[in-house]
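In: Let's see this in three dimensions:
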Amino acid sequence: MYTVVKKLVISAAHCLHLAHESICENLHGHNYVIIVYLRSETLDINGMVFDFTEIEEIINAKLDHKNLNDIFEKPTTENIAKYICDILGEKCFKVEVNESENDKVIYEK
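Out: As a prediction, this is how the structure comes out:
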């Protein structure tokens, strides 16, 4: 079994409309640190599970320097983590998204 781990940073903005009062209701941004985990028993024709550059290109195209409210109804870090896992496909089994130094979400299939 092969496992690929890719770490990258994106910048994005969002505001959250929560069931309780929160300063996150104001539009603000984060430098999200994202770590993705992909696994496969076999390698592709290039001898890879998934090309590191392609992982970054896929995530950047969808999320980097975007207003996440344009993508998600509820742009929480939890929803971002699952979305990344889904767009990377069946080989992706785990995604970590750090919204800040102290706040992290882990989504696992």
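In: Show the contacting residues for Val4.
Out: 37-39, 48-50, 52, 55 (C-beta atoms under 8 Å, 6 or more residues apart in numbering). All C-beta atoms are positioned from the backbone trio N, CA, C, and that covers glycine.
In: ok, what's across the strand from it?
Out: Note on Val4: beta-bridge partners by DSSP bridges are Leu38.
In: Against Asn102, how distant is it?
Out: 27 Å (C-beta to C-beta, to the nearest Å).
In: Same list as before, the contacts of Val4 that is, but in TSV and with distance to Ser11 and pLDDT included.
Out: Output for those, formatted as TSV (distance: C-beta to C-beta, whole Å; pLDDT from 0 to 100):
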residue	distance to Ser11	pLDDT
Tyr37	22	98
Leu38	23	98
Arg39	28	98
Met48	27	97
Val49	27	98
Phe50	23	97
Phe52	20	98
Ile55	17	98
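In: residue ranges for the strands of this structure, please.
Out: Secondary structure of the chain by DSSP state E: the strands cover 2-14, 28-40, 66-67, 92-100, 103-108.
In: any weak-confidence spans in this protein?
Out: Across the chain, nothing is flagged by pLDDT under 70.
In: same thing but at 90, please
Out: Low-confidence segments of the chain (pLDDT under 90): 18-19.
In: With distance to Ser22 as added columns, please give the strands of the chain in TSV.
Out: Formatted as TSV, the strands of the chain follow (distance: least, C-beta to C-beta, whole Å):
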stretch	distance to Ser22
strand 2-14	12
strand 28-40	11
strand 66-67	18
strand 92-100	14
strand 103-108	13
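In: Specify the stretch among those that is closest to Lys74.
Out: Taking C-beta to C-beta, strand 2-14 is the member of these nearest to Lys74, at 9.4 Å.
In: re the thing from before, so which of the contacts of Val4 is the closest to Leu27?
Out: Ile55 (28.1 Å).
In: how many other residues sit next to the closest residue to the closest one other than its chain neighbours?
Out: Among residues not flanking Ile55 along the chain, Lys6 sits closest, at 4.7 Å (C-beta to C-beta, 6 or more residues apart in numbering). By other C-beta atoms under 10 Å, the residues close to Lys6 number 19.
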